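>>> I need the structure of the sequence given here:
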Amino acid sequence: MAQSFFAKDGTAQGVAKQRYIESLAKSGQRVINDPYSKNFVIGSGLMRLMGHGLNAWLSKKIAPGFHEHIISRTRLIDDLVEESSINGFEQYVILGAGYDSRAHRLKLPDSLKIFEVDQKEVQDKKLSKLPIELSHKKNITYVSVNFTNQLLHEQLLLSGFDKKKKTIFTLEGVSQYVTKNALISTIEAIASLSEDARSIFFISYVNELLNKDPSACFGEGYVNASQKAELIKKLSAKAGEPWISFYSNQDMEKLLSTNSFLIKENLTFEDLNSSYFGSVGRDLPQDQIFKLEHFVIAESQDMQSEY
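This next block holds a predicted model:
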């Protein structure tokens, strides 16, 4: 694989910002809580003074539903990891970890071995921003991979990954930033690591309809859907991380099935709006719904009867 998951940290900062905004909401009104996200956000002090309401309003002015879309993806993975760890999964591999904080903020058993995979420069920056007692947790292994000349599966095995243990793999908000060949290589590596034990794989991808029929990627009545689609792509490119790869549902199903993974769920924010935001009195109307990114939970085919 010749391409890094995070050449820069603009995306990681942006996602951490959305987690921090959500964490500013009152305890009974928030969908997730990330007390560490503020460490990765420029201007977090001002944001805290502004509070959740004003920050969420500003996000809505730029792109209605974007904040809730990101938070629903976060919560879905949170639930998946917590549930899987309770049900006997012993390893958790976070690919392109960036500023992910699940190892610290979720209720996970100490026996769960966690591998955070990314470039060393990103990991060093992350560790410098975390409290010292968190960055040295014994069950976390930081796997530094130079994707130009190192293979993912080899580096994980050298870092103590056990192919005989049930494993959760997550690749969150990454596929649109890397070439299709890079993604294929990554999934092939995950398949190789899953040959001797069962695994669950979360991956998100941006629907190719965003380029062909943007209105199909938003809820009914979403104002200026085409312009918002272009704005989102332009902002990402401006941050140095342009969206370069898009997939149809059929593309992703074929890619995963070729590597012995069967899709269990293929969701968008529209599917999660009611259960996550409705439960705290904040569900969004159709004209604020994002459907451009899909959230896939797949499983190695020999484990279907047990999950």
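
>>> quick one: the strands in the stretch 151-300 of the chain, in order.
Taking DSSP state E, counting those that start in this stretch, the strands of the stretch 151-300 of the chain run over residues 167-171, 199-206, 261-267, 293-300.

>>> ok, and the closest non-adjacent residue to residue 134?
Nearest non-adjacent residue to residue 134, counting by Cβ to Cβ, 6 or more residues apart in numbering: residue 104, 5.1 Å away. (Each C-beta comes from the backbone N, C-alpha and C, glycine too.)

>>> tabulate the strands of the stretch 151-300 of the chain in CSV, adding columns for mean neighbour count.
Shown next, in CSV, are the strands of the stretch 151-300 of the chain (neighbours: other Cβ atoms under 10 Å):
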stretch, mean neighbour count
strand 167-171, 24
strand 199-206, 24
strand 261-267, 16
strand 293-300, 22
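
>>> could I get the ones you listed as a markdown table with distance to residue 255?
Putting the strands of the stretch 151-300 of the chain into a markdown table (distance: least, Cβ to Cβ, whole Å) gives the following:
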| stretch | distance to residue 255 |
| --- | --- |
| strand 167-171 | 12 |
| strand 199-206 | 9 |
| strand 261-267 | 9 |
| strand 293-300 | 10 |
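
>>> how about JSON lines for the ones you listed, with mean pLDDT and distance to residue 27 added?
Listed next are those as JSON lines, based on pLDDT from 0 to 100; distance: least, Cβ to Cβ, whole Å:
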{"stretch": "strand 167-171", "mean pLDDT": "98", "distance to residue 27": "26"}
{"stretch": "strand 199-206", "mean pLDDT": "98", "distance to residue 27": "26"}
{"stretch": "strand 261-267", "mean pLDDT": "98", "distance to residue 27": "26"}
{"stretch": "strand 293-300", "mean pLDDT": "97", "distance to residue 27": "25"}
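
>>> which elements pack onto the strand or helix carrying the residue nearest to residue 134?
Using DSSP states H and E, residue 104 maps to helix 102-105. Packing partners of helix 102-105 (3 or more Cβ pairs under 8 Å, 6 or more residues apart in numbering; DSSP states H and E): helix 66-86, strand 91-95.
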